[in-house]
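In: let's see this in three dimensions:
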Amino acid sequence: MKYTTRQITEGEDEVIVQYRNMTPEVQRIISLLNREQTKLTGWREKDLTVIESNEILYIESVDGKTFAYTEQDVLKLDYQLSQLEQILKTINFFRCSKSVILNIDKVKSLKSLPSNRIDATMCNGEHIMIARTYASDFRKRLRGGGEHA
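Out: Have a look, this model is predicted:
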């Protein structure tokens, strides 16, 4: 695929995608361009805080409460995991177990484990297990197939 970049000194930034056929590669590029930074609100102790989705490493539900984990912080969210799946479906988040949604962009490395599970090492060194029931869809997603979370 050929591409051209050009810096401009005035006017609005613009991206033009020209394609002969809608291939998976072109679809990924368009999907990337359509992504918005989603903002969520969460509680840090008694303070309500706004967090950008790109700061989140993963989201976990524990004892009916939902938490967003960043590299430096943990925020309590007033959402259920199923609601967050819908909110973050156009962004690179993936439901990897019954209780965890991870940010694929924050995964540093992957290791296959017995029983078809995957150990995802996050950019902060933390390990998240991708359950065997989600592993196949995760592999498809990494290959560019499958639906966004």
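
In: what are the phi and psi values at residue 115?
Out: phi 70, psi 30 (degrees, to the nearest 10).

In: that one: neighbouring residues, count only.
Out: Residue 115: 7 surrounding residues under other C-beta atoms under 10 Å. The way it works is simple: take the backbone N, C-alpha and C, and place the C-beta from them, glycine included.

In: residue 126 now?
Out: A total of 14 residues lie near residue 126 under the criterion other C-beta under 10 Å.

In: thought residue 60 was touching it, still the case?
Out: No. The criterion here is C-beta atoms under 8 Å, and residue 126 misses it with residue 60 at 11.0 Å.

In: what touches both of these two?
Out: Common contacts of residue 126 and residue 60 (C-beta atoms under 8 Å, 6 or more residues apart in numbering): residue 69.

In: quick check: phi and psi at residue 55.
Out: Torsion angles, degrees, to the nearest 10, at residue 55: phi -90, psi -20.

In: what's near enough to touch it?
Out: Residue 55 neighbours (C-beta under 8 Å, 6+ apart): 70, 71.
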